[in-house]
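Novice: below are the sequence and a predicted model; questions follow.
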Amino acid sequence: MQKTIQLQKHRVAYTVRKHRRAKRMRVVVYCDGTVVVTVPRHMSSAWAEQFLLENAHWVLEKLEQFRTAYVDLPRYTTKDYQQNKQRALQFVRQKVQEFNRWYGYKVNNISVKNQKTRWGSCSGKGNLNFNYKILFLPEDVASYIIVHELCHLKEFNHSSAFWGQVEQVLPNYRELRQELETRDFVLQ
């Protein structure tokens with residue numbers, strides 16, 4: 001359900017989503033101007049409004065960034081996924097192999113999926129999953145996503161030890177991460 005809120009001098013439309021796996025509240029601003037607040041299932045939606053008020057500066061800053069520098073991936077279809085899945089899988093496997101020469105981690109399985117909200121993930125069983133749209137990102141940003149997930153095989157968190165692992169191969173990971181976040185490539 002879409003609602004509106006007054007953030008400083010701006011009326012902002014937002015959507016509240018309750019998610020069974022959410023452990024905390026999260027706000028996302030997409031480059032098309034969509035604002036989504038995800039809350040744990042047990043929390044009242046009223047908390048979302050307070051959360052937006054507390055994060056008003058960040059939300060308005062993101063909205064302004066997207067007004068001035070709109071970057072979007074085309075809206076891909078299931079047919080596009082079927083046509084590009086194998087090419088994306090080859091790309092990801094090659095990059096994982098290339099970066100894993102440095103790390104030497106045990107990778108169980110690598111797969112490519114048509115996800116709407118994630119670029120990649122790592123399971124506790126050593127499986128690496130990537131969004132097939134990684135194929136359409138700038139290569140250095142795609143490399144960041146792959147190294148990020150690869151490092152989760154050793155550090156299943158975002159501790160300083162994890163970021164130290166990432167930095168060993170990508171000393172400029174902060175800039176690449178910032179590019180991914182600032183440009184906020186849309187997955188839908």
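Specialist: In hand now; what should we look at? Numbering: from 1, shown residues only.
Novice: how near is P171 to P138?
Specialist: Taking C-beta to C-beta, to the nearest Å as the measure, P171 falls 17 Å from P138. Bear in mind the C-beta positions are built from the backbone N, C-alpha and C, glycine included.
Novice: the two: who's more crowded?
Specialist: Regarding P171 and P138, a neighbour count based on other C-beta atoms under 10 Å identifies P138 as having more, with 13 against 9.
Novice: ok, and the closest non-adjacent residue to the more buried one?
Specialist: Sequence neighbours aside, E179 is the residue nearest to P138 in space, at 7.8 Å (criterion: C-beta to C-beta, 6 or more residues apart in numbering).
Novice: and the pLDDT for that neighbour?
Specialist: E179 is assigned a predicted lDDT (pLDDT) of 82.
Novice: and the strand or helix carrying it, which residues are buried?
Specialist: Assessed by DSSP states H and E, E179 sits inside helix 173-183. By 16 or more other C-beta atoms under 10 Å, the buried positions in helix 173-183 come out as 173, 176-177, 179-180, 183.
Novice: longest strand of this protein, counting residues only.
Specialist: Looking across the chain with DSSP state E, the single longest strand is strand 10-19.
Novice: what's downstream of that one, the next helix or strand?
Specialist: Next in sequence after strand 10-19, counting helices and strands by DSSP H and E, comes strand 26-29.
Novice: what about the strands in this structure?
Specialist: For the chain, applying DSSP E gives strands covering 2-7, 10-19, 26-29, 35-40, 109-113, 120-122, 127-131.
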